[in-house]
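In: Structural data only, the sequence is not supplied:
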């Protein structure tokens, strides 16, 4: 009862500071408490705090959203489970082909159900749907393709009246006063916002990103609902604890909902990419942001003409090689992680454009800088050392650096999660474990999906123990892997990673021990890395020849190295 008595006061305070940068945080705390006891509060409790609040309409909306979203979630979950149970029970014994066909149809039906749930609830659910569309290696392709086709830039849109009201409230004037021209129809809509084309009074073409109406309130309800479901699932299935997902959402969502934070991220990214020591300068572009036309819910930037990085027909018209682009994407994000320690963590295909650069060459354009993770030098050093050990099949190095990141005895599983390769393959220098061409193979995807099911509990435990920055880096890896495969010309990104890790470790060593001796030691280390990488590429070529001749090694499993 004490919590219920405090709710009206807290919610009233949240309404007063709603326009401030952290208003969603102030609202979130009581609503999340409400979710924990949702079955007691849905009726009388919700009416009580809504009645007491000065903003009755707003809080009544929240009181409606939480049980409504929860009811949708439960209904869809029950229908999906029932569909799979019925489908599998009705498959005749001894008919594997019929079973596969019926299972595929069941996957598609339930992917459509999940898609509808994401669109009905919006907000966080759309972001979750977008991520599902990048998990080729873990989920059936019916789910991946359904989400990928509908979730990246075809999300529900807000009405123009809502857009106009938000711009007026945040910038102090309506669009017709702030811009010479403003298109009422958005050119794209994503989970949190939609983009309109505008022209400034001095003739510049602009892209104006406007947050969806009511998103802060609905996202607060989403966090509360997800927390309730995760806690309920933990009661029913004690072995599976996904509170890390709730905690990450609580931390990152308020930042994503504040477009001034996105502006700061974009400015830092532009500075890093154009730094003298960057290897991708002039080949990568971050749109300029117009600060005077930017607020927590409105972001105005230069308009970029380009095509999505996975649009093969558009890339061909630009004269851009998919293989070269895959290399550039890998170089760009490896630098973010290992050199700058400042990482764009949402690099799905809709956020990566390609255009003709100032000198006519293809140029990668990075959009949507709302979700970032800055990592400190200690983490960066350990993560770089871990990746170098993974690539060079250094079992002792993998164990040492994985344990420093909380993996404990589960370091083989941790290594497999990072590389999407079986442990035996990771530590076997005789195998061409850097070769990723086979990754798109359906049999290999099925193998990885099987591992994910078998080791689900261990994976859940690992995710709870991992350093927080690593969780978003895993999401980034999923996005980049999906883009790489969609380009249809996978490159050996592990080679690029090895070089960037070694460069990062050399720079950190020089910073810690400046002087000629340290510089010479780091240069010798880089030469050694190049020599080893060259030898491994030759080994990979030889293994490829063996496979063509039918002499290749048989595939290996995850192994028993502690897993």
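Out: Perfect, I can see it now. Everything quoted here is computed from the prediction, not taken from an experiment.
In: okay, residue 225: pLDDT?
Out: On the pLDDT scale, residue 225 is placed at 82.
In: shift numbering so it begins at 49
Out: New numbering, starting at 49: the last item is residue 273.
In: And whichever helix or strand it is part of, what's buried?
Out: Counting by DSSP states H and E, the element that carries residue 273 is helix 263-284. Neighbour counts using 16 or more other CB atoms under 10 Å place 263-278, 280 of helix 263-284 among the buried residues. No exception for glycine: its C-beta is placed from N, CA and C like everyone else's.
In: Just name whatever secondary elements it is in contact with.
Out: Here helix 263-284 touches helix 71-84, helix 104-137, helix 172-180, helix 291-304, going by 3 or more CB pairs under 8 Å, 6 or more residues apart in numbering; DSSP states H and E.
In: Lowest average pLDDT across these?
Out: Within the helices and strands packed on helix 263-284, confidence is poorest for helix 71-84, with a mean of 40 (mean pLDDT).
In: what about the residue lying closest to residue 218 once chain neighbours are set aside, how many neighbours?
Out: Spatially, and ignoring its direct neighbours in sequence, residue 218 is nearest to residue 343 (3.7 Å; CB to CB, 6 or more residues apart in numbering). Here the count is done by other CB atoms under 10 Å, and residue 343 has 21 residues near it.
In: Could you do the one 4 residues further on as well?
Out: Applying other CB under 10 Å, we find 26 other residues in the vicinity of residue 347.
In: With residue 312 instead?
Out: Applying the criterion other CB under 10 Å, we find 15 residues in the vicinity of residue 312.
In: Report pLDDT for it.
Out: Reported pLDDT at residue 312 in the predicted model: 97.
In: Next one: it relative to residue 224, how far apart?
Out: 29 Å (CB to CB, to the nearest Å).
In: try residue 231
Out: Here the distance between residue 231 and residue 224 works out to 12 Å (CB to CB).
In: Same drill for the two, tell me which one is more crowded.
Out: Taking neighbours as other CB under 10 Å, residue 231 and residue 224 compare with residue 231 leading, 15 against 11.
In: hang on, that one packs against residue 247?
Out: No: using CB atoms under 8 Å, residue 231 is not in contact with residue 247, being 9.2 Å away.
In: shared neighbours of these two, anything?
Out: Overlap of the contact sets of residue 231 and residue 247 (by CB atoms under 8 Å, 6 or more residues apart in numbering) is empty.
In: and the angle for whichever helix or strand residue 163 is part of with helix 263-284?
Out: With the criterion set as DSSP H and E, the secondary-structure element containing residue 163 is helix 144-169. Counting by axes from the mean of the first three to the mean of the last three CA atoms, to 10 degrees, helix 144-169 points 140 degrees away from the direction of helix 263-284.
In: confidence score at residue 226?
Out: If you check residue 226, the pLDDT there is 97.
In: what's near enough to touch it?
Out: Taking CB under 8 Å, 6+ apart as the definition of contact, the neighbours of residue 226 are 215, 219, 341.
In: can you check residue 182 too?
Out: If a contact means CB under 8 Å, 6+ apart, then residue 182 has 192, 196, 396, 526-527, 529-530 as its contacts.
In: helix, strand or coil for it?
Out: Reducing the assignment at residue 182 to three states with DSSP: H, G, I helix; E, B strand; the rest coil gives coil.
In: Got the confidence number for it?
Out: Predicted confidence (pLDDT) at residue 182: the value is 72.
In: how much space between it and residue 420?
Out: 18 Å.
In: starting at the chain centroid, how far to the helix holding residue 273?
Out: In this view, helix 263-284 has its centroid 19 Å away from the chain centroid, taken as CA atoms, centre = their mean, to the nearest Å.
In: what angle separates that helix from helix 291-304?
Out: 170 degrees.
In: what angle separates helix 263-284 from helix 104-137?
Out: Going by the same axes, to 10 degrees, helix 263-284 makes 40 degrees with helix 104-137.
In: If you count neighbours, what's buried in stretch 526-539?
Out: Neighbour-count burial for stretch 526-539, with 16+ other CB under 10 Å as criterion, is recorded at 526-535, 538-539.
In: Also stretch 401-416?
Out: Here stretch 401-416 shows 401-403, 410-416 as buried, counting by 16+ other CB under 10 Å.
In: helix/strand/coil for residue 477?
Out: When the structure is split into helix, strand and coil by three-state DSSP, residue 477 lands in coil.
In: That one - nearest residue in space that isn't next to it in sequence?
Out: In space, residue 477 comes closest to residue 441 once its chain neighbours are excluded; the distance is 4.4 Å by CB to CB, 6+ apart.
In: Ramachandran angles for that neighbour?
Out: Torsion angles at residue 441 (phi, psi; degrees, to the nearest 10) stand at phi 60, psi 40.
In: burial count for it?
Out: As a burial measure, the neighbour count of residue 441 was computed by other CB under 10 Å and equals 18.
In: which residues touch it?
Out: By CB under 8 Å, 6+ apart, the contact list for residue 441 reads 474-477, 481.
In: Out of those, which two sit at the greatest distance?
Out: Considering CB to CB, no two members of the contacts of residue 441 lie farther apart than 474 and 477, which are separated by 10.0 Å.
In: Quick check: residue 263 touching residue 305?
Out: Yes: the pair residue 263 / residue 305 is scored as a contact, 6.8 Å apart, by CB under 8 Å.
In: so what sits against both of these two?
Out: Taking CB under 8 Å, 6+ apart as the contact rule, the neighbours common to residue 263 and residue 305 are residue 240.
In: Name the nearest residue to residue 462, sequence neighbours excluded.
Out: Nearest-residue entry for residue 462: residue 455, 3.9 Å, with adjacent residues in sequence omitted and distances by CB to CB, 6+ apart.
In: shaky segments in the stretch 249-398 of the chain?
Out: Judged by pLDDT under 70, the stretch 249-398 of the chain has its weakly predicted residues at 287.
In: now the strands for it?
Out: 253-259, 332-333, 346-350, 355-356, 390-392 (DSSP state E, counting those that start in this stretch).
In: Now tabulate those in a markdown table and tack on distance to residue 316.
Out: Formatted as a markdown table, the entries for those read as follows, by distance: least, CB to CB, whole Å:
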| stretch | distance to residue 316 |
| --- | --- |
| strand 253-259 | 18 |
| strand 332-333 | 14 |
| strand 346-350 | 15 |
| strand 355-356 | 24 |
| strand 390-392 | 6 |
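In: So which of these is nearest residue 295?
Out: Taking CB to CB as the criterion, residue 295 comes closest to strand 390-392 out of the strands of the stretch 249-398 of the chain, the separation being 18.6 Å.
In: Pull up the pairing partners for the closest one, direction included.
Out: Paired neighbours of strand 390-392 in the sheet (DSSP bridges): strand 420-422 (antiparallel).
In: shouldn't residue 238 be in contact with residue 177?
Out: No: counting by CB under 8 Å, residue 177 is not a contact partner of residue 238; they are 11.2 Å apart.
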